[in-house]
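> Sequence and predicted structure are below.
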Amino acid sequence: MTVPHPKSPEPSYGEFVALIALLMALNALAIDAMLPALPAIGVSFGVRAANQLQWIVIVFLMGMGTGQLIYGPLSDWLGRKPVLLAGLSLYVVFSILAAFSTSLPELLAMRAAQGLAAAASNVLPRSIVRDRFEGRAMARVLSLAFMVFLIVPILAPSLGQTILLYLPWRGIFGVFALLGSAVATWAWFRLPETLHPEYLQRPSPSHLREAALQVLTDPVSIFYTLAMTVLLGSLFAYVSTVQQIFAVIFHLPKLMPAVFALCAGGMGVAAYSNSRIVERLGMRRISHAALLCFIAVTALHALILTARGGEPMAMFAALQALTMVCMSLATPNFGSIAMQPMGAIAGIAASLQGVITVVGGALLGSAIGQQFNGSAVFLPTGAVCCGMVALGLVLVAEKGRLFRVTQ
């Protein structure tokens with residue numbers, strides 16, 4: 001049984017990638033456009049401890065991660081498209097409700113619900129891509145989508161700052177609702193159903209248990225998923241604290257969107273480069289090299305901060321941008337490698353892997369972010385620890401051998 005929807009013509013490769021990217025970008029928008037508004041929200045609700053405002057980002061991520069447990073199995077039963085459209089509709093509704101919050105706890109509840117709804121546009125695009133592509137071709141599509149997706153982090157903080165020039169912080173949630181409606185309309189008319197009929201399965205406890213067992217016991221699936229989790233933890237720590245870093249350490253909060261754009265722009269260039277070379281070099285060669293570079297850059301950053309007791313803003317921006325470049329070469333390929341053995345259960349697999357990476361990453365990012373005490377040293381120190389753990393997990397998955405060549 002599926003929800004009726006218009007028969008969609010097959011989109012071109014470029015349109016398909018663009019739509020997948022914008023679906024994924026709704027999540028980035030809901031996080032990054034909020035960053036300039038955090039101080040205004042704190043003033044509006046009388047929040048005295050600035051670290052509490054990090055939860056506006058973290059609870060969204062936790063809701064988004066948890067929601068993937070729902071959408072993946074449902075999409076394996078009802079189809080990708082109707083479940084995606086339902087999630088987008090809820091995203092619009094909770095965006096509107098968040099705009100009318102009267103206290104920080106109420107806003108956090110609406111943000112968690114908004115994240116729960118946004119999970120559909122996080123897990124289902126990956127399932128849809130896996131339905132149509134595999135191996136290096138899948139990695140190329142995800143890299144191209146990731147590149148377009150990164151345009152949003154480049155623009156989102158500036159968008160949020162621009163909205164605040166004309167509207168109170170609540171207006172940002174109105175923009176979320178409008179954009180969610182626009183993307184849902186595009187998907188309604190142009191996205192075809194991609195679930196293969198032979199993979200259609202009604203959720204059952206035994207099926208979910210078997211699928212979870214496959215995801216959690218396959219070494220490639222689980223160890224690459226955990227490696228991606230710890231790397232995302234360092235990313236979420238950066239995102240949830242960057243506004244505080246620029247306000248407290250550099251005393252230049254208005255420059256945060258520009259530096260944030262620089263980092264996201266570097267990630268976009270790296271993702272595009274990955275899409276051009278991944279089919280030739282392979283996912284493992286690129287991601288393993290990127291992980292080693294990530295560890296080297298974050299270790300250097302931590303040593304500089306420890307030795308000097310601080311750094312100029314330009315140095316922070318350059319080293320953080322390089323860190324993000326390394327991450328954008330590692331994490332999409334890690335995700336593709338983790339999904340590769342999961343073709344027959346792509347929906348559930350993407351859900352379970354997504355729950356682990358997003359919820360685990362959010363909790364780890366929160367633990368790192370809460371260490372902020374007026375110095376930025378917590379950020380690269382946490383990142384280098386995450387990188388070392390990720391390296392250990394990859395070595396376990398690969399039985400001690402990096403840079404293995406596979407199809």
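Received the coordinates, thanks.
> Let's verify Thr331: helix, strand, or coil?
Assigned with DSSP: H, G, I helix; E, B strand; the rest coil, Thr331 falls in the helix class.
> Hmm, Thr229 and it touching each other?
No. The pair Thr331 / Thr229 is not scored as a contact, 9.8 Å apart, by CB atoms under 8 Å. C-betas here are computed from N, CA, C, even on glycine.
> By mean pLDDT, flag the weakest helix or strand of the protein.
helix 135-149 (a mean of 68; mean pLDDT, DSSP states H and E).
> Give the next helix or strand downstream of that helix.
Moving toward the C-terminus from helix 135-149, the first helix or strand encountered (DSSP states H and E) is helix 151-166.
> Give me the angle between the following helix or strand past that following helix and helix 151-166.
Counting by DSSP H and E, the element after helix 151-166 in chain order, helix or strand, is helix 170-190. Between helix 170-190 and helix 151-166, the angle comes out at 140 degrees (axes from the mean of the first three to the mean of the last three CA atoms, to 10 degrees).
> So what touches helix 170-190?
5-6, 8-9, 11, 15, 19, 22-23, 26, 29-30, 33-34, 37, 81, 84-85, 88-89, 91-92, 95-96, 98-100, 114, 121, 159-160, 163-164, 167 (CB atoms under 8 Å, 6 or more residues apart in numbering).
> Quick check: buried residues in it?
Buried residues in helix 170-190, counted by 16 or more other CB atoms under 10 Å: 170, 172-173, 175-177, 179-180, 183-184, 186-188, 190.
> what about His48, neighbour count?
If you look again at residue 48, you'll see it is Arg, not His. Arg48: 6 surrounding residues under other CB atoms under 10 Å.
> Okay, it and Gly42: tell me how far apart.
In this view, Arg48 and Gly42 are 8 Å apart by CB to CB, to the nearest Å.
> again, but for Arg404
Note on Arg404: its distance to Gly42, by CB to CB, is 49 Å.
> between these two, which one's more packed in?
Neighbour count, other CB under 10 Å: between Arg404 and Gly42, Gly42 has more, with 18 against 11.
> Could you list every helix and strand in contact with the helix or strand that one falls within?
Under the criterion of DSSP H and E, Gly42 resides in helix 38-45. When contacts are defined as 3 or more CB pairs under 8 Å, 6 or more residues apart in numbering; DSSP states H and E, helix 38-45 sits against helix 104-118.
> thinking again about what came up before, next, the buried residues of the helix holding Gly42.
Buried positions in helix 38-45, judged by neighbour count with 16+ other CB under 10 Å: Leu38, Pro39, Ile41, Gly42, Ser44, Phe45.
> so can I have CSV of those residues showing pLDDT and distance to Thr298?
Listed next are the buried residues of helix 38-45 as CSV, based on pLDDT from 0 to 100; distance: CB to CB, whole Å:
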residue, pLDDT, distance to Thr298
Leu38, 89, 25
Pro39, 88, 28
Ile41, 93, 30
Gly42, 91, 29
Ser44, 91, 35
Phe45, 92, 34
